[in-house]
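*Asks:* for reference, the sequence and a predicted model appear below.
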Amino acid sequence: MNSTLYTSSLQAVIFDLDGVLVDTARFHDQAWAELALGLGYVLTEPDRHALKGRSRADSLEYLLEQAGWNDADPSQKSKWLQAKNARYLELVEALTPQDAAQGALVLLDQLKSQGIKTALGSASQNAAKVLQKIGLDSCFDTVVDGTRTTRSKPDPQVFWMAAQDLGCEPAHCVVVEDDLAGVPAAWAGGFLNIGLGDASVLLGAHRVVHQFSELSVLGLLAWHFAFNHNNT
Ligand code: B16
Ligand code: MG
C-alpha cells in the first residue's frame, strides 16, 4: 500500500468506548432504566439516546429532571450513583473478548502497522475494566477516560487531552463516536468525526458508517486527505 501521499494528513484516530468498541450502551441503559423505575419513571427511547455519552453524574441529573425529582440531596444522589454503577459493573462482568466490536481489532492493528497513533476517548470511569474484559487494554497509545477528565462531552476536553497525549493537532486526528454527546464534542474540538451506528441519529457527523468493516486504513487516509483538500 502506498500511503505516503497521505501520511502528513492523518496522524491519529481517537475511539470512543461505549457504543463504539463494545456494546455496553445496553448495560448503561438497563442500569439507568432499573434505577428510573425505582423512582417511578419509565425510561423512554429519547431518554436512552440523550443519556449516551454523558458522564454518570450528568446522566443522573438528566434522569432526575425527567422524573420530576427536583429536591434530591447530594448524599441521596451519591447513593443512586453508586447503585447504578454497581449494577452496571455486575452486567459488565459478562463481557469477553468476543464482545469487542467486530473488525475493531483488525483496524487497530492496521493503524499501528501504518504508524498511525490510536487513543481511547471515553467519558466512562470504568473504561480500564471494560477494555480489559474485551481484551483491548493494551491496544492504545493513550487512554483518556472519565477518571482523567473534568468536563463531560459535548465538551471536547476528552479528545483534546487524547490529541495532546499523542502530540497531534486536532486537524490531524479523526474521532470515531456513536452518540449525540460525542459527535458535537468532536466538532467543538476541531476534529473530523465518523459516526458509527444509525445515520438517522448521527446526523451531525462528518461521515456515518454502520460497522468497522466499512473502515480501512487506506480508506481513512484517503477520506481525511480528500476532506481537507476539498475544504481548503
Ligand atoms: P461510567 P463513552 C460513556 O462512555 C457512556 O456512553 C455513557 O452512557 C456513560 O454514562 C458514561 O460513559 C459514563 O460511564 O458510568 O462507566 O463512568 O461513550 O464516552 O465511551
Ligand atoms: Mg459512546
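*Replies:* All right, it came through fine. Numbers count the residues shown, from 1 in each chain. Ligands and ions are numbered 1, 2, ... in the order given.

*Asks:* Thr147 against Gln125, yeah?
*Replies:* Yes: using Cβ atoms under 8 Å, Thr147 is in contact with Gln125, at 5.2 Å. To be clear about C-beta, it is placed using only N, CA and C from the backbone, and glycine gets the same treatment.

*Asks:* out of those two, which sits in the more crowded spot?
*Replies:* Gln125 (15 against 12; other Cβ atoms under 10 Å).

*Asks:* so how far is Ser55 from that one?
*Replies:* 8 Å (Cβ to Cβ, to the nearest Å).

*Asks:* quick check: neighbours shared by those two?
*Replies:* Residues touching both Gln125 and Ser55 (Cβ atoms under 8 Å, 6 or more residues apart in numbering) are Gly146.

*Asks:* what's the burial count for whichever residue of the chain sits closest to ligand 2?
*Replies:* Closest approach between the chain and ligand 2, counting by Cβ to the ion: Gly19, at 3.6 Å. For Gly19, the number of neighbouring residues by other Cβ under 10 Å comes to 21.

*Asks:* contacting residues for it?
*Replies:* 25, 52-53, 178-179, 196-197.

*Asks:* again, only using 7 Å
*Replies:* Contacts for Gly19 (Cβ atoms under 7 Å, 6 or more residues apart in numbering) come out as 25, 52, 178-179.

*Asks:* ligand 1: which of those is nearest?
*Replies:* Lys52 (4.7 Å; Cβ to the nearest ligand atom).

*Asks:* the closest one is in contact with Asp179, isn't it?
*Replies:* Yes: between Lys52 and Asp179 there is a contact at 3.7 Å, judged by Cβ atoms under 7 Å.

*Asks:* with neighbour numbers in mind, choose between the two.
*Replies:* Per other Cβ under 10 Å, whichever of Lys52 and Asp179 has more neighbours is Asp179, with 27 against 23.

*Asks:* measure that one to Asp99 for me?
*Replies:* Relative to Asp99, and taking Cβ to Cβ, Asp179 is found at 18 Å.

*Asks:* centre of the chain to the longest helix seen in the chain, how far?
*Replies:* Secondary structure of the chain per DSSP state H: the longest helix is helix 74-92. Here helix 74-92 shows a centroid-to-chain-centroid distance of 20 Å under the convention Cα atoms, centre = their mean, to the nearest Å.

*Asks:* tell me the mean pLDDT over that helix?
*Replies:* Mean pLDDT, helix 74-92: 97.

*Asks:* what's the answer for stretch 17-26, then?
*Replies:* Stretch 17-26 comes out at a mean pLDDT of 96.

*Asks:* near ligand 2, which residues of this structure?
*Replies:* Residues of the chain lying close to ligand 2 by Cβ under 5 Å from the ion are 16, 18-19, 53, 178-179.

*Asks:* 8 Å instead?
*Replies:* Selection of the chain residues close to ligand 2 by Cβ under 8 Å from the ion yields 16-20, 25, 52-53, 122-123, 177-179, 181-182.

*Asks:* and the residue of the chain most remote from its centre, what's its pLDDT?
*Replies:* The outermost residue of the chain, judged against the average C-alpha position, is Asp71 (31.2 Å), by Cα atoms, centre = their mean. Looking at Asp71, its pLDDT stands at 86.

*Asks:* again, but for Tyr6
*Replies:* pLDDT, read off for Tyr6, is 40.

*Asks:* in the helix or strand bottoming out on mean pLDDT in the chain, what's buried?
*Replies:* Within the chain, no helix or strand scores below helix 217-230, which has a mean of 89 by mean pLDDT, DSSP states H and E. Applying a neighbour-count criterion of 16 or more other Cβ atoms under 10 Å, one finds 217, 220-225, 227 buried in helix 217-230.
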